[in-house]
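Chemist: need coordinates for the below:
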Amino acid sequence: MICEKRKKINNRSFFLLFLFLFLTSFITSKTLKKVNIKDIRISGSELFTRHDVVKNSSLKFPIRLIFLNTNFLEKELKKNLSLKNVSVSRQILPFGLKVHLKTRTPIAYGEKIFNGEKIVGFIDKEGIFISKQNAEDINLRKLTIQVFGWEEKFKQTLSEILIAQENYELDIYKITFSPNGFLTIDEKTLKTLFLGFNPNLINNQLQIIKNLKKEFKKNNFSEKIDNIDLTDPNKPKIKVFKP
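Modeler: Purely as a prediction, here's the structure:
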């Protein structure tokens, strides 16, 4: 009886050892296998293909699964494809690379200059520029704001303006950054607003714009406005039409 129990224990131990060695060998062989383009699976968006993933990565495919830096690939794809988020994971079964993409939602038209060439695209609520080819299908009629002169350094200021546009019920239709960084906003009621160079003033300036719009609309004064200079928020200058 005791011998039979020992025999069963030995058989079970041998089976578990065999299974462990088999799985270890299987996983090792899979991780050393090279990932090709056909092994890339994309989810979350139908806009991008496997070739887009390879084209916008500095990694050289085919590449062994074990050597693939998923964090590095995520950062590259997020930046190069103007994505909101990217998740990349290695998989043994089925073998390959799973890439989950989350695209950005455009809320404005955008233009920027890159290497002396004008590039047309879109802007999202975070102030991120989205190249035309990297934007999902959208209803262009809903995009009522135009942004000119976009640069990476302006995205936080731009985001503050776009959020205020919604929260303060403003009617901004044009945002312009000049080549030297001077910011101008065009709003339906308040006309042209000069905000200047200092991004640290933007929240104060937007609050003043909100208050001015409310006050001027109440008194029908906005029809007389030509432009408003808010480069110094403590000393607003209002220029009116002179008959």
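
Chemist: what sits against the closest residue to Asn180 other than its chain neighbours?
Modeler: Nearest residue to Asn180, sequence neighbours excluded (Cβ to Cβ, 6 or more residues apart in numbering): Phe197, at 7.9 Å. The way it works is simple: take the backbone N, C-alpha and C, and place the C-beta from them, glycine included. Residues in contact with Phe197 (Cβ atoms under 8 Å, 6 or more residues apart in numbering) are 180-183, 231.

Chemist: if I look at Phe197, how far off is Ile92?
Modeler: Separation of Phe197 from Ile92 (Cβ to Cβ, to the nearest Å): 54 Å.

Chemist: just Lys102 next, same as before
Modeler: Lys102 is 25 Å from Ile92, by Cβ to Cβ.

Chemist: cool, Ile113 as well?
Modeler: Between Ile113 and Ile92 the computed distance is 46 Å (Cβ to Cβ).

Chemist: tell me the confidence at Asn139?
Modeler: With respect to pLDDT, Asn139 scores 69.

Chemist: swap that for Ile113, please
Modeler: 89.

Chemist: ok, now Leu68?
Modeler: For Leu68, pLDDT reads 84.

Chemist: isn't it right next to Leu59, touching?
Modeler: Yes - taking Cβ atoms under 8 Å as the definition, Leu68 is a contact partner of Leu59 at 7.0 Å.

Chemist: leaving out the residues flanking it, which one is nearest to Pro94?
Modeler: With sequence-adjacent residues excluded and distances taken as Cβ to Cβ, 6+ apart, Pro94 is closest to Arg41, at 7.9 Å.

Chemist: what bridges to that neighbour?
Modeler: When assigned by DSSP bridges, Arg41 has beta-bridge partners Lys98.

Chemist: what's the span of stretch 227-236, first residue to last?
Modeler: Using Cα to Cα, to the nearest Å, the end-to-end distance of stretch 227-236 comes to 11 Å.

Chemist: name the residues that touch that stretch?
Modeler: 190-198, 201, 204-205, 208-209, 212, 237-239.

Chemist: which ChimeraX command selects the buried ones in those?
Modeler: To isolate the buried ones among the contacts of stretch 227-236 in ChimeraX, judged by 16 or more other Cβ atoms under 10 Å, type:
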select :190,191,192,193,194,195,196,201,205,208,209,212,238
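
Chemist: follow-up on the earlier one: from Leu212, how far out is the residue nearest to Asn180?
Modeler: Distance from Phe197 to Leu212, by Cβ to Cβ: 21 Å.

Chemist: residues contacting stretch 205-214, please?
Modeler: With Cβ under 8 Å, 6+ apart as the test, stretch 205-214 has contacts from 160-161, 164, 168, 170, 185, 187, 189-190, 193, 195, 222, 228, 230, 233, 236.
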